[in-house]
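[1] any chance you can model this:
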Amino acid sequence: MNLEFVKNKVTQSGLKFTHQRMVIYNALYNAEEHPTAELVFDQIKLANPTVSLGTVYKTLDSFVQAGIIQKFMDQNGLMRFDAIVEAHSHLYCMESHEIRDYRNVELEKLLNEFIQSHPIAGFQVDEISVVFKGFKKPEIFN
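    The predicted structure is shown next:
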């Protein structure tokens, strides 16, 4: 990801491109897990001491309103943010509480086909997201 990508993402959503928005979006986009506002702030504060936690909260909320990120509550009631707005699934580690993206085209196709052939009475499904709960396996070093 480069500066032009971030600038286009922010401006195409109708927001003004600022240094703070660039830094915050970049931190979120590059996060492996789905961080809280506090984690985003912790990641950027050393290199950007003039950006406050309040600015991070307001900026993330404006990104959600503009539709360029998603916001959701995790198992512990913490608000998490995700730079991927397309439908996708997640892996949730019940020990570390990490949340990672999981994309599998075959699974998404299967779920969509299932919903189309088994409609839910009185409900229109617009998006399917699955959360796989479990534990990360210890890393094996060769």
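[2] which regions of the protein sit below the pLDDT cut-off?
    In the predicted model, the chain carries pLDDT under 70 at residues 1-2, 139-142.
[3] and residue 8, how many neighbours?
    For residue 8, the count of nearby residues is 12 (other Cβ atoms under 10 Å). C-betas here are computed from N, CA, C, even on glycine.
[4] ok so it is a strand residue?
    No - under DSSP: H, G, I helix; E, B strand; the rest coil, residue 8 falls outside any strand and is assigned helix.
[5] contacting residues for the residue nearest in space to the middle of the chain?
    Geometric centre of the chain, nearest residue: residue 82, 0.8 Å, by Cα atoms, centre = their mean. Going by Cβ atoms under 8 Å, 6 or more residues apart in numbering, residue 82 touches 28, 34, 69-72, 101.
[6] what about 6 Å?
    Residues in contact with residue 82 (Cβ atoms under 6 Å, 6 or more residues apart in numbering) are 34, 70.
[7] check residue 17 too.
    7, 10-11.
[8] save those as JSON lines, and put in neighbour count and distance to residue 61 too.
    Putting these into JSON lines (neighbours: other Cβ atoms under 10 Å; distance: Cβ to Cβ, whole Å) gives the following:
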{"residue": "7", "neighbour count": "14", "distance to residue 61": "20"}
{"residue": "10", "neighbour count": "22", "distance to residue 61": "14"}
{"residue": "11", "neighbour count": "12", "distance to residue 61": "18"}
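[9] which of those lies closest to residue 111?
    Residue 111 has its nearest neighbour among the contacts of residue 17 in residue 10, at 31.5 Å by Cβ to Cβ.
[10] ok, the contacts of residue 17 vs residue 62, which is closest?
    Nearest to residue 62 out of these is residue 10 (Cβ to Cβ; 9.5 Å).
[11] who's in contact with that closest one?
    By Cβ under 6 Å, 6+ apart, the contact set of residue 10 is 17, 21.
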